[in-house]
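K.L.:
Quick one: sequence and predicted model below, then my questions.
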Amino acid sequence: MSLEIVDCTLGNIDTFLVGARTVERVAVTSDAMAKRILRLATSRGDLGIRLEDTRLRDGDVVYADNSRVIVVAVEAEDLLIAAPRTVAEAFELGHLLGNRHKPVQVWNERVVVAYDPLLEELFDARNIPFERERMRLTEPFRHAHAPHSHGDA
């Protein structure tokens, strides 16, 4: 296969009819899920992905022919999952992570951030309860790009 370019997903492997075809899983990072243009290396060559209105998700089928189906497999990531006990602790945590420009996700009152040994030390020093876990993200971390300053007004 030479460079093939696809502009949409064909569904998700959970509901896609594979039949006798071989399933090839191509690993991507969660950051890659946020990209509109992506190049994936497959067993038969590179596959270009150019998406307009959608983003990749774990299990998306990006290519299928008579013999194989290519599926996106999001890699597991090392994460810190903090569980602030009070609103004040949640604000402190938000301030600490915001000052470090760390993208976060919030899951059921828990704050999720990519693993960083300095953050782990900081959570320990501030007595903020957390767990370190390796898991697949269903959504990529998003960076907020709003103008701001750290000085006095």
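P.N.:
That came in fine, so what should we check first?
K.L.:
For stretch 91-99, give the mean pLDDT please.
P.N.:
Averaging pLDDT along stretch 91-99 yields 90.
K.L.:
oh, I was asking about stretch 105-118
P.N.:
Here stretch 105-118 scores 92 as its mean pLDDT.
K.L.:
So what touches that stretch?
P.N.:
Outside stretch 105-118, the residues that touch it by CB atoms under 8 Å, 6 or more residues apart in numbering are 77-84, 90, 93-94, 97, 102-104, 119, 132, 137, 139, 141. Backbone N, C-alpha and C define where each C-beta goes, glycine included.
K.L.:
Output the longest helix belonging to the protein.
P.N.:
helix 87-99 (DSSP state H).
K.L.:
Pull out the buried residues from that one.
P.N.:
Applying a neighbour-count criterion of 16 or more other CB atoms under 10 Å, one finds 89, 90, 93, 96, 97 buried in helix 87-99.
K.L.:
Next secondary structure after that helix?
P.N.:
strand 104-107 (DSSP states H and E).
K.L.:
Strand partners (parallel or antiparallel) of whatever helix or strand comes next after that next one?
P.N.:
Moving toward the C-terminus from strand 104-107, the next helix or strand (DSSP H and E) is strand 110-114. According to DSSP bridges, strand 110-114 forms sheet pairs with strand 77-82 (antiparallel), strand 104-107 (antiparallel).
K.L.:
Can you tell me which of these is most buried?
P.N.:
strand 77-82 (a mean of 18; mean count of other CB atoms under 10 Å).
K.L.:
in this structure, which spans are strands?
P.N.:
4-6, 22-28, 37-42, 45-50, 61-64, 68-74, 77-82, 104-107, 110-114, 130-135 (DSSP state E).
K.L.:
what's the closest of those to residue 123?
P.N.:
Closest to residue 123 of these is strand 130-135 (CB to CB; 4.7 Å).
K.L.:
Give me the buried stretch members for stretch 27-45, please.
P.N.:
Result for stretch 27-45 [16+ other CB under 10 Å]: buried residues 28, 30, 31, 32, 33, 35, 38, 40, 42.
K.L.:
May I have the distance across it, first residue to last?
P.N.:
Using CA to CA, to the nearest Å, the end-to-end distance of stretch 27-45 comes to 15 Å.
K.L.:
Please apply the same query to stretch 72-86.
P.N.:
Span of stretch 72-86 from end to end, CA to CA: 38 Å.
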